Structures are given as C-alpha cells and as structure tokens.
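**Q** take this sequence and fold it.
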Amino acid sequence: MSMSSADAGGPSAPLGREGPVPGRRRRLGALRRWLASAARRSPALARRHWLLTALLAAGLALRILAQIAYRPSLLFIDSTKYLLGAYPGNDPPGYGFALKPVLLVGNLDLVPAVQHLLGLAMAVTIYALLLRRGAPRWLSALATVPVLFDGYQLQIEQTVMPDVMFEVLIVAGLALLLWRPRPAPWMIVAGGLALGASATARQVGEILILPAAVYICLTFAGWRSRVRQTALLAGAFALPILFASFTNYVSIHRFSLAPYASGTIYGRMAGAADCQTLKLPSYERPLCPTAQQKKLGPDGLDHQAGSPIKAFQPPLGMSTPAVVRDFWHRVLLQQPLNVAGGIYRDTVKLFALTRDGHPGDTPISRWQFQPDYPLYPPYTAVESGILVFGTYTPDGVERTLGTGQQFGGANPVVVKPLATFLRGYQLRGGYTPGPLFTLTALAGLAGSVAALRRRVTPGQYAARACLLLLTAGAAVLLASDVFEFSWRYQLPALVTLPPAAALALTAALRRSRARPGEAAPPAQAGEAGRPGEHTRDRAAAG
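**A** Model prediction:
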C-alpha cells in the first residue's frame, strides 16, 4: 500500500502556508461565520426597513401565486425563437444565451421562477440606490411599488420572453453608474457592459448609450476626463453587442444583432403614409396599404397575412428588403409630420387612465392573465396532452419544431381559482395607472433641470441621478414607440420613472432645507461612498 509524503514523514506544507484542506476549511468557516452574522442581523435589518420588507413579502406572494397558477410557464408566439432558435436573426440572441444555463439545470418551471426573483431583486436594487442617493426610506420603498405589484410585470415574469432580462440589465447598468456621485472606472465599465448587454435582449437598448454618455459628461470636469471616461463607457457598451453580432455571423453569416429585423419599421411608415401625395416608383405602389389595411396598425402591417408586404413581389433583379427600405425612406423624407404624428399618438397611450386596447395595437390580451392556458397555434399548441412548438414553412405549411418534453416534459396546467384571481387583480386596478406615470415623468423632468446647473447645490447629485433615470426611460420608451406600440414595451417605465420622481423629490427636499446661499454640504450618507468623496466630486463637477 502506498502512502502520501505526509503519511511517510515526507515534507509538509511550508511554514506559514496552509495545505489545500486546511485552507478550504478556513474558507468554509469564514462563510459559515458570515452567514450566521447575516442571520443575526436580518431581523434588525427587516425592522429598520420594515416598509420595504412588507412590500417585498406581498410582491413575493403574488409571484408565488403566478408560479402555481400557470405551469410550467406562460409561452408566447416568440418564445420558440428563444427556446428552439426559430427564425435566427429576427431578434438579438442574448435572451437565448441566458436561457441555456437555466434550462441546463432545470426545466420550463425554473425560467419564470428565476425571472420572479429578478423582479424582486430589481426592487431591492432600486431601493438601495435611492437610499444611496439620499432619499428617505419611505420614499425609496414607495418607488418600488410599481415593479413589485404591476400585474403586467407579474405576467411578463411568468412568460418566456426577454423583457425581464432587458429590465434587469437596465437597472443594473444605471445602478452601477449612479452608485457613487462620480463612478469609478470599473463602475463605468461594468455599467457599460450591462447597458450594452440589454441590447442583446431587445435591440432598442442600443439607445441607452446616449443618456449614459450625457451623464458621464455632466459628472466629470475637463474635456480630457470626459473624453476618456466616455470612451471607456462606449467601449464596454459595444463589447456585448459585438459578441452577439459575431455569434450571428458564425451561425447565419450576418454580422448584426438582428439582421432580419430591419423590416419591422415598414408597419410604422406604411401606416403613416398618405399614398395619394407620396411620390413613389410604380413598382413600390403595391406596398401602399389601403384604408382597410391601415386598420391593421404597425404590428399587423409588419406581420399579418393581409399586409401588402406579405404579397409583394419585387421587380426582377431587386430584393424585397431593398425595395421596402427604399419605400419607408421615401415616406420618412416626404411625410415626416405624418410619421411623427403616429409616434406621438402611441407615446401618449402610456399616460391614459385605463389600460385599453386600441385598434391596430398589438392585442393587450396577450399581456394579461387568462382563465385558461393561452395558446397560439401552431407556435404553441397542445396535441394529445403534449405541449408542441411549431411554425409555418415559407410555403405556409405548419411544421413542428419541438415539444415540451425537450424541456423537462412539463405540459400546460392552469389552477383556475388562482388564474381567475390574478386576472381579476390585473384588470381591476392591479397596474400602474397612466396619471401616476404622468406625475412621475413631470416630477422627473422638473428634478432633472437642477442637474444642468453648473454650481453644485444641495441635492445636485440626486438631481443628476434623476436625469439619467428619466432620460434612459424616455429613450427606451420612445425608441420602442418609433416601431410600434405594445403594452409590453412600456414595462421599462416601471423601473425608471418612479425612481426618477423619488430622486427629484429628494433633490427638492434638500434644496428647501438648505439655507439661502448655502453650498453643498460635506459628505453625507447616501451621497458619498467614503469620507471626502463628496468634496472631490464637487471639485470635479466644477
């Protein structure tokens, strides 16, 4: 029988260095002590932040009900894109990447469970960020109510769709940039990576580089410093986009986030076009919708069978994408006011008192809890009790792509009493009303004005954070409405507008409490990470 060198009296570990086993024991011991300490502190922490604790508990209860009511998860037409890789190139691949490790260790039940936990994590992050920027605990907790209790947020967390990933990356990126009055380089890099990665979930995330860059320029003084930090942000922002584009190049030989999604702007432009006055080549005339076809709305004009684009045949030697692109360029250049009017009418829908479907919009029922399990044949269907994923071939023939057995064998089950309760909750006031969005947007706008002042005043840093949250939310919402309106696309408002309003109120309270002519106070809890940091940031702000 052989013996190790230690057993045989050979040389042991050098003096002052522990071997692998003692070192592992030491680390495990430290972890156990940390967990025990955290457990001892938890009751006191919960009492101190009692309002958030109560809100989180209620939000968790709603999410547990949704998880039990619809199993294994809710599915939509587009879910096959992310689960089975259908229609490669139509959407960014980021959400598909994120699903793979989740499905590797679990099944379709695990996907909404993770997304529900991420919903709660967003609320905690928003709360911590607002406290960090000086907001009182009660106001910080109230700012989390929309994301915790909005029924449309709960529904999308239960659905295999990329929206929760999109929201989480926005919140993470903004929190990293705002955690200190002046972010450290590693925070700029990490924040840029998170915001850039949001574009791999939904391509409109590309717009977030603009408000983030403006914030960096306002935060740092001196053009060299601004250029250096903005370049750092832009480089980090571009990395996940380039990586996702490269994966598309490898798989479909197109270097782009979503190379086949460019045609989705056709619906917006065709719906706004006045074809009687529009100057077009004769071969583009078939792309003009009739008055009846315009009732399909932007989404229907892009996707439904009755749209002119579905029956269009390009001239010999020309491709459909090229002709469609030329068509909407002509609409935009010749009739920009028509296009702007269509976008405006969709943008203001967020601020309506009630959540109603409008003719031409994506049906709002898709984002509402239903008493039965929602199916969208042939994309999602049940055959002989088995969940089936399908699609149409280019010839219009239904084709099966896979079954639920590939993801753990779970088949759709609905607990009717819980589903009925969730539907009633959502439809009878369990959503963020439009007037509240109006108030938060106006408050955020007023609070952002203070961020543009060169002189540092009490509440200045809260105002700058308000500006970033407001402009990031507005940019994403407007960029979505440029293409089409959907209530699903309005969900980022939940994690941007209420926190922006809370910071605007915080800035106003600080200014009102300061004596006339008083400069910004020295380092304060919530506005500086270390002693003296606040003073350095005032100097950097000029």
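**Q** so what pLDDT did Ala502 get?
**A** Note on Ala502: pLDDT of 96.
**Q** domain ranges for the chain, per the record?
**A** 49-258+427-541, 262-349 (automatic domain parsing).
**Q** of those domains, which approaches Tyr379 most closely?
**A** domain 49-258+427-541 (4.5 Å; Cβ to Cβ). For glycine as for every other residue, the C-beta is placed from the backbone atoms N, C-alpha and C.
**Q** for the helix or strand harbouring Leu174, packing partners?
**A** Following DSSP states H and E, one finds Leu174 within helix 163-178. If you count contacts as 3 or more Cβ pairs under 8 Å, 6 or more residues apart in numbering; DSSP states H and E, helix 163-178 packs onto helix 94-105, helix 110-132, helix 151-157, helix 185-198, helix 209-219, helix 460-483, helix 493-513.
**Q** gap between it and the chain center?
**A** 7 Å (Cα atoms, centre = their mean, to the nearest Å).
**Q** just want the angle from that helix to helix 110-132.
**A** 20 degrees (axes from the mean of the first three to the mean of the last three Cα atoms, to 10 degrees).
**Q** and helix 163-178, what's its mean pLDDT?
**A** Throughout helix 163-178, pLDDT has a mean value of 98.
**Q** ditto for stretch 78-92
**A** For stretch 78-92, mean pLDDT is 90.
**Q** tell me the gap between that stretch and the middle of its chain.
**A** 18 Å.
**Q** export it to PDB, keeping only CA atoms.
**A** What follows is stretch 78-92, C-alpha atoms only, in PDB (Å, rounded to 0.1, in the frame of the first residue of the first chain):
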ATOM      1  CA  ASP A  78     -42.000  34.500 -30.000                       C
ATOM      2  CA  SER A  79     -41.000  32.000 -27.200                       C
ATOM      3  CA  THR A  80     -39.900  29.500 -29.900                       C
ATOM      4  CA  LYS A  81     -37.300  31.900 -31.000                       C
ATOM      5  CA  TYR A  82     -35.500  31.800 -27.700                       C
ATOM      6  CA  LEU A  83     -36.200  28.200 -26.800                       C
ATOM      7  CA  LEU A  84     -35.600  26.500 -30.100                       C
ATOM      8  CA  GLY A  85     -33.700  29.000 -32.200                       C
ATOM      9  CA  ALA A  86     -36.600  29.600 -34.600                       C
ATOM     10  CA  TYR A  87     -36.200  32.400 -37.100                       C
ATOM     11  CA  PRO A  88     -32.500  33.100 -36.400                       C
ATOM     12  CA  GLY A  89     -31.600  36.700 -37.000                       C
ATOM     13  CA  ASN A  90     -35.100  38.100 -36.300                       C
ATOM     14  CA  ASP A  91     -34.200  39.000 -32.700                       C
ATOM     15  CA  PRO A  92     -31.000  39.600 -30.800                       C
END
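**Q** what comes up buried for that stretch?
**A** Asp78, Ser79, Thr80, Lys81, Tyr82, Leu83, Leu84, Ala86, Pro88, Gly89, Asp91, Pro92 (16 or more other Cβ atoms under 10 Å).
**Q** I'd like those laid out as TSV, including secondary structure.
**A** Below are these laid out as TSV (DSSP: H, G, I helix; E, B strand; the rest coil):
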residue	secondary structure
Asp78	coil
Ser79	helix
Thr80	helix
Lys81	helix
Tyr82	helix
Leu83	helix
Leu84	helix
Ala86	coil
Pro88	coil
Gly89	coil
Asp91	coil
Pro92	coil
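**Q** show me the contacts for the closest residue to Phe485 other than its chain neighbours.
**A** Distances taken as Cβ to Cβ, 6 or more residues apart in numbering put Asp346 closest to Phe485, at 3.7 Å, once the chain neighbours are dropped. Counting by Cβ atoms under 8 Å, 6 or more residues apart in numbering, Asp346 touches Asp481, Glu484, Phe485.
**Q** so which of the helices and strands packed on helix 163-178 is nearest Ala270?
**A** Closest among the helices and strands packed on helix 163-178, once you apply Cβ to Cβ, is helix 460-483, at 12.3 Å.
**Q** that closest one to helix 493-513, inter-axis angle?
**A** Using the same axes, to 10 degrees: helix 460-483 against helix 493-513 is 150 degrees.
**Q** run through the neighbouring helices and strands of helix 460-483.
**A** Counting contacts by 3+ Cβ pairs under 8 Å, 6+ apart, helix 460-483 packs against helix 163-178, helix 209-219, helix 266-272, helix 336-347, helix 434-449, helix 493-513.
**Q** what's the angle from the helix holding Leu174 to helix 209-219?
**A** Using the same axes, to 10 degrees: helix 163-178 against helix 209-219 is 10 degrees.
**Q** what sits against the spatially closest residue to Gly191 that is not a sequence neighbour?
**A** Once flanking residues are discounted, Gly191 sits nearest to Leu176: 3.6 Å by Cβ to Cβ, 6+ apart. Neighbour list for Leu176: Pro183, Met187, Ile188, Ala190, Gly191, Ala194 [criterion: Cβ under 8 Å, 6+ apart].
**Q** and Leu176, how far is that from Ala201?
**A** Distance, Leu176 to Ala201, by Cβ to Cβ, to the nearest Å: 17 Å.
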